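1. Please work out how this folds:
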Amino acid sequence: MRSDEGVAFGPALLAQVPATMSAVDRGLLTELFYGVLRHRSALDWRLAACSQRALAHLAPTTLALLRLGAYQLLFLSRVPPSAAVNETVALTKQLSAPTDVGFVNAVLRALDRRRHELVVPDLLERPLDHLTAEYSHPVWLVRRWLKRFGLQRTLQLCRANNAIPPLTLRVNRLVTTRERLLEVLRKEGIEAAPCVVSPHGVVIRGGSPTATRAFTQGWYYVQDEAAQLVGLAVAPRPGERVLDACAAPGGKSIHLAELMEDHGEVVAADVRPDRLSLVAENCRRMGIKCVQTAQADLSQAADAERLGRFDRILVDAPCSALGILRRHPEAKWHKTEGLIARFAVTQRAILDRVASLLKPGGVLVYSTCSTEREENEDVVTEFLRTHRGWVLYDLRKVLPPAAAPLITPQGYLSTGGNPYDMDHFFAARLTYGGGP
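-> Residues are numbered from 1 along each chain as shown. Got it, this is the predicted structure:
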């Protein structure tokens, strides 16, 4: 309920779970929490068909309990229907008004009886209704994607967002190799394999890698394979001065430092000091020395100018984050279409400010985890139109050969719809004054 209301988000809420809870119960709680958020529209469509009261008129607690029971009935085969109903009713007695107890019991029992007859609208006849009901995405987003991408691509996006994402690591090449890390993980009972595109990536197939000695000793950082390609697009060299303009929580800053062999300076800037403390903490765990944090709002000229000049700049810009909804299923219920235009204004402002900080011959990489061209190609196009002397550099010349299918004809990195189970990232490499 607190997540539905936007009071708090997944990791923060789950962090409040008592440490005394067993691993099995914690796993079930996590699945219930994220499962309800991933499939909320699918649950609501079916609950509405079984309820004599409009869901919009229910108390938030009652609606949350109905969704919890419905998810167990419809998606968790290992939970017996009777247990799903009875446990939800018991929770209703504790958390809701007495008049809601019988109502919740009646709705869930009706849902159990009718589950096989509740068929959503046909995909081809009513694609908007089908996708919002079956795949639990907000109407505005499905409508937008249908207009831009068409039916099949939108269906693919919605399905992908409801899938549980892989856990991917980036090897700290300063302390070990990927081959050695895979060997150590296997000895600790963790099933892992090398990523296909990123030469530094490892995908986990089973086990908990954050409970290993290798994790505490800084052998790896948890980071999606697509995000790893952003650091490779910057391709910093040892001894350079590099700016990570929107750095927290620090994964890309650390990657840049690793690529520089921890020799030189990476300035990790962020507007929030609490987020910068997380950057510093992650650097300590990874054994990184050359990252320096700086509190700065780089959409403001004064904050930008005091940082000095740089050989390379990464702008991993604040964005709508529509490309990583599978990792934050609660987020799709809090976002609005207006966010896209507002983020685009901020993105252009940051690019304008940091452009003046780049030395002649330098490199600037702009990236987002958005699916929307207003935050991606359009921002870059407008920047090139208004900044003479800047050139778009083809990322085929920088990224590993295996990344070639992910690079557009214009030279952008765009991992949307990739066959490697990556998040959706966009990146453009810009050079000024004939840089590499």
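2. Which single strand of the protein contains the most residues?
-> The longest strand of the chain (DSSP state E) is strand 358-368.
3. And the contacts of the following helix or strand past that strand?
-> Counting by DSSP states H and E, the next helix or strand C-terminal to strand 358-368 is helix 377-386. Contacts with helix 377-386, where a contact means Cβ atoms under 8 Å, 6 or more residues apart in numbering, come from 317, 344, 347-348, 351-352, 355, 366, 390-392, 410, 412, 426, 428, 430. C-beta coordinates here come from the backbone N, C-alpha and C atoms, glycine included.
4. redo that, cut-off 6 Å
-> For helix 377-386, contacts defined as Cβ atoms under 6 Å, 6 or more residues apart in numbering pick out Q347, R348, L351, W390, A428.
5. Over to stretch 103-114?
-> Stretch 103-114 is contacted by residues C50, S51, L65, G69, A70, L73, P81, V85, V89, T92 when judged by Cβ under 6 Å, 6+ apart.
6. Read off the pLDDT value for the closest residue to the first one other than its chain neighbours.
-> Once its chain neighbours are removed from consideration, C50 has its nearest residue in A110; the separation is 4.0 Å (Cβ to Cβ, 6 or more residues apart in numbering). At A110, the predicted lDDT confidence score is 97.
7. can you tell me which helix or strand A110 belongs to?
-> With the criterion set as DSSP H and E, the secondary-structure element containing A110 is helix 98-114.
8. same deal with P318?
-> Taking DSSP H and E as the criterion, no element holds P318; it sits outside all helices and strands.
9. can you count the residues close to it?
-> Neighbouring residues of P318 were enumerated by other Cβ atoms under 10 Å; the total is 17.
10. now L339
-> Counted with other Cβ under 10 Å, the burial measure for L339 works out to 17 neighbours.
11. which ones are touching it?
-> Contacts for L339 were tallied using Cβ under 6 Å, 6+ apart; they are S320.
12. In this structure L314 contacts V363, no?
-> No - L314 sits out of contact with V363 when judged by Cβ atoms under 6 Å, with a separation of 9.2 Å.
13. neighbour count winner among the two?
-> When L314 is set against V363 and neighbours are counted by other Cβ under 10 Å, the residue ahead is L314, at 30 against 25.
14. for the more buried one, which residues make a bridge with it?
-> D244, V365 (DSSP bridges).
15. From L229, how far off is it?
-> Applying Cβ to Cβ, to the nearest Å, one obtains 12 Å for the distance of L314 from L229.
16. Next one: the nearest residue to W45 once chain neighbours are set aside, what pLDDT does it get?
-> The shortest distance from W45 to any residue that is not its chain neighbour, by Cβ to Cβ, 6+ apart, is 4.1 Å, and that residue is A133. At A133 the predicted local confidence, pLDDT, stands at 93.
17. next structured bit after the helix or strand in which A133 is found?
-> Secondary structure assigned from DSSP H and E places A133 in helix 127-135. Taking DSSP H and E as the definition, the helix or strand that follows helix 127-135 towards the C-terminus is helix 139-149.
18. State the number of residues packed around the residue nearest to T371 when sequence neighbours are not counted.
-> On the basis of Cβ to Cβ, 6+ apart, the spatially nearest residue to T371 that is not a chain neighbour turns out to be L322, at 4.6 Å. Other residues near L322 come to 23 when the count uses other Cβ under 10 Å.
19. for the one 10 residues further on, same thing?
-> Here the count is done by other Cβ under 10 Å, and K332 has 20 residues near it.
20. Same question for T176.
-> The burial count assigned to T176 is 17, neighbours taken as other Cβ under 10 Å.
21. pretty sure it contacts W219?
-> Yes - assessed by Cβ under 6 Å, T176 is found in contact with W219 at 5.2 Å.
22. where's the residue nearest the centre of the chain relative to F425, distance?
-> The centre of the chain sits closest to I324, judged by Cα atoms, centre = their mean, with a distance of 3.2 Å. Distance of I324 to F425, given as Cβ to Cβ: 9 Å.
23. Excluding chain neighbours, what is closest to G231?
-> If the residues on either side of it in the chain are set aside, G231 comes closest to H255, at 3.6 Å by Cβ to Cβ, 6+ apart.
24. Understood, closing this out.
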